[in-house]
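Enquirer: Give me a 3D structure for the following:
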Amino acid sequence: MQVRSLLLLLALMLLATTTEAGKNKKEKVKKDVSKCEDWRWGPCVPNSKDCGLGYREGTCKDESKKLKCKIPCNWKKKFGADCKYKFESWGGCSAQTGVKTRSGILKKALYNAQCEEIVYVTKPCSSKIKSKTKGQS
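Expert: As a prediction, this is how the structure comes out:
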(Lines give C-alpha, C1' and ligand atoms only; values in the text may rest on other atoms or scores of the structure.)
Protein backbone atom coordinates (compact mmCIF):
# COMPACT_ATOMS: atom_id res chain seq x y z
CA MET A 1 0.00 0.00 0.00
CA GLN A 2 2.84 2.41 0.82
CA VAL A 3 4.49 1.70 -2.54
CA ARG A 4 1.30 2.65 -4.39
CA SER A 5 0.97 5.87 -2.39
CA LEU A 6 4.59 6.74 -3.07
CA LEU A 7 4.21 6.10 -6.83
CA LEU A 8 1.00 8.16 -6.96
CA LEU A 9 2.71 11.03 -5.14
CA LEU A 10 5.68 10.91 -7.54
CA ALA A 11 3.36 10.88 -10.58
CA LEU A 12 1.47 13.94 -9.29
CA MET A 13 4.72 15.81 -8.62
CA LEU A 14 5.97 14.99 -12.13
CA LEU A 15 2.69 16.15 -13.67
CA ALA A 16 2.80 19.43 -11.72
CA THR A 17 6.42 20.05 -12.80
CA THR A 18 5.70 19.50 -16.51
CA THR A 19 2.62 21.74 -16.33
CA GLU A 20 4.68 24.59 -14.86
CA ALA A 21 7.37 24.10 -17.51
CA GLY A 22 4.71 24.31 -20.22
CA LYS A 23 3.36 27.58 -18.82
CA ASN A 24 6.83 29.13 -18.85
CA LYS A 25 7.32 28.21 -22.51
CA LYS A 26 4.00 29.79 -23.47
CA GLU A 27 4.90 33.02 -21.70
CA LYS A 28 8.23 33.25 -23.55
CA VAL A 29 6.58 32.81 -26.97
CA LYS A 30 4.62 36.08 -26.75
CA LYS A 31 5.64 38.45 -29.54
CA ASP A 32 6.58 42.07 -29.10
CA VAL A 33 3.21 43.81 -29.36
CA SER A 34 3.26 47.48 -30.20
CA LYS A 35 0.58 49.84 -28.94
CA CYS A 36 1.00 52.00 -32.03
CA GLU A 37 -1.81 51.59 -34.58
CA ASP A 38 -0.76 53.95 -37.40
CA TRP A 39 2.09 52.02 -39.03
CA ARG A 40 3.47 53.30 -42.34
CA TRP A 41 5.15 50.59 -44.41
CA GLY A 42 7.60 51.09 -47.24
CA PRO A 43 7.89 48.89 -50.31
CA CYS A 44 9.51 45.47 -50.21
CA VAL A 45 13.22 45.94 -51.00
CA PRO A 46 14.92 42.77 -52.31
CA ASN A 47 18.31 41.83 -50.84
CA SER A 48 19.80 41.45 -54.32
CA LYS A 49 18.72 42.18 -57.90
CA ASP A 50 15.06 43.09 -58.39
CA CYS A 51 13.24 40.08 -56.90
CA GLY A 52 13.51 37.42 -54.21
CA LEU A 53 13.82 37.70 -50.43
CA GLY A 54 14.10 41.12 -48.87
CA TYR A 55 12.64 43.35 -46.19
CA ARG A 56 10.23 46.24 -45.73
CA GLU A 57 10.63 48.98 -43.15
CA GLY A 58 7.77 50.35 -41.10
CA THR A 59 7.56 53.39 -38.87
CA CYS A 60 5.05 54.54 -36.31
CA LYS A 61 5.77 57.64 -34.26
CA ASP A 62 9.23 56.94 -32.78
CA GLU A 63 9.13 53.16 -33.39
CA SER A 64 10.51 51.33 -36.42
CA LYS A 65 10.39 47.70 -37.52
CA LYS A 66 11.67 45.54 -40.35
CA LEU A 67 9.60 42.69 -41.75
CA LYS A 68 10.79 39.95 -44.06
CA CYS A 69 9.11 39.94 -47.47
CA LYS A 70 9.47 38.36 -50.88
CA ILE A 71 8.97 39.65 -54.40
CA PRO A 72 8.25 36.77 -56.81
CA CYS A 73 10.67 36.84 -59.72
CA ASN A 74 7.94 36.27 -62.30
CA TRP A 75 5.73 39.07 -60.92
CA LYS A 76 4.78 41.97 -63.17
CA LYS A 77 7.14 44.67 -61.96
CA LYS A 78 4.95 47.31 -63.56
CA PHE A 79 2.51 47.28 -60.66
CA GLY A 80 4.55 45.68 -57.87
CA ALA A 81 4.05 42.84 -55.40
CA ASP A 82 2.01 44.89 -52.89
CA CYS A 83 -0.90 45.39 -55.30
CA LYS A 84 -3.14 42.36 -55.80
CA TYR A 85 -5.46 42.28 -58.83
CA LYS A 86 -8.30 40.09 -60.08
CA PHE A 87 -7.66 39.48 -63.78
CA GLU A 88 -10.20 38.66 -66.47
CA SER A 89 -9.50 36.09 -69.20
CA TRP A 90 -7.08 36.87 -72.01
CA GLY A 91 -8.67 38.60 -74.98
CA GLY A 92 -8.25 37.51 -78.56
CA CYS A 93 -5.07 37.98 -80.50
CA SER A 94 -4.77 41.28 -82.35
CA ALA A 95 -3.64 40.69 -85.93
CA GLN A 96 -2.16 44.21 -86.14
CA THR A 97 -0.04 44.14 -82.98
CA GLY A 98 0.49 40.40 -82.48
CA VAL A 99 -0.36 40.60 -78.76
CA LYS A 100 -3.30 39.74 -76.53
CA THR A 101 -4.47 41.88 -73.64
CA ARG A 102 -6.31 41.49 -70.36
CA SER A 103 -7.17 43.86 -67.53
CA GLY A 104 -7.04 43.48 -63.78
CA ILE A 105 -9.13 45.26 -61.15
CA LEU A 106 -7.51 46.12 -57.81
CA LYS A 107 -8.50 43.56 -55.20
CA LYS A 108 -6.19 44.47 -52.31
CA ALA A 109 -3.43 46.99 -51.57
CA LEU A 110 -1.02 45.59 -49.00
CA TYR A 111 0.83 47.78 -46.50
CA ASN A 112 -0.99 50.93 -47.67
CA ALA A 113 0.63 50.68 -51.11
CA GLN A 114 -0.43 53.19 -53.74
CA CYS A 115 -1.91 51.06 -56.51
CA GLU A 116 -3.67 51.75 -59.79
CA GLU A 117 -7.35 50.78 -59.78
CA ILE A 118 -7.14 49.05 -63.18
CA VAL A 119 -4.05 47.66 -64.90
CA TYR A 120 -3.61 46.26 -68.40
CA VAL A 121 -1.23 43.44 -69.27
CA THR A 122 -0.17 42.24 -72.71
CA LYS A 123 1.68 39.19 -73.96
CA PRO A 124 2.70 37.98 -77.39
CA CYS A 125 0.25 35.76 -79.23
CA SER A 126 1.18 32.11 -79.39
CA SER A 127 2.67 31.09 -82.73
CA LYS A 128 1.66 27.47 -82.09
CA ILE A 129 -1.48 26.24 -83.74
CA LYS A 130 -3.39 23.86 -81.52
CA SER A 131 -4.22 20.69 -83.39
CA LYS A 132 -6.60 17.90 -82.58
CA THR A 133 -5.20 15.20 -80.32
CA LYS A 134 -4.40 11.80 -81.74
CA GLY A 135 -7.39 9.49 -81.84
CA GLN A 136 -9.85 12.24 -82.81
CA SER A 137 -11.05 12.34 -86.39
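
Enquirer: which of the residues in stretch 112-130 are buried?
Expert: Residues A113, C115, V119, V121 are the ones in stretch 112-130 that count as buried (16 or more other CB atoms under 10 Å). All C-beta spots, glycine's among them, are computed from the backbone N, C-alpha and C.

Enquirer: quick check, nearest of these to T101?
Expert: V121 (7.0 Å; CB to CB).

Enquirer: quick one, phi/psi of the closest one?
Expert: Per-residue torsions, V121: phi -130, psi 140 (degrees, to the nearest 10).

Enquirer: Please apply the same query to V3.
Expert: phi -70, psi -40.

Enquirer: how close does it get to A11?
Expert: 13 Å (CB to CB, to the nearest Å).

Enquirer: Could you identify the least confident member of the buried residues of stretch 112-130?
Expert: Among the buried residues of stretch 112-130, A113 has the lowest pLDDT, at 83.

Enquirer: what does stretch 53-64 rub up against?
Expert: By CB atoms under 8 Å, 6 or more residues apart in numbering, the residues outside stretch 53-64 that reach it are 34, 36-47, 65-71, 111.

Enquirer: Can you list the buried residues in it?
Expert: Result for stretch 53-64 [16+ other CB under 10 Å]: buried residues G54, R56, G58.
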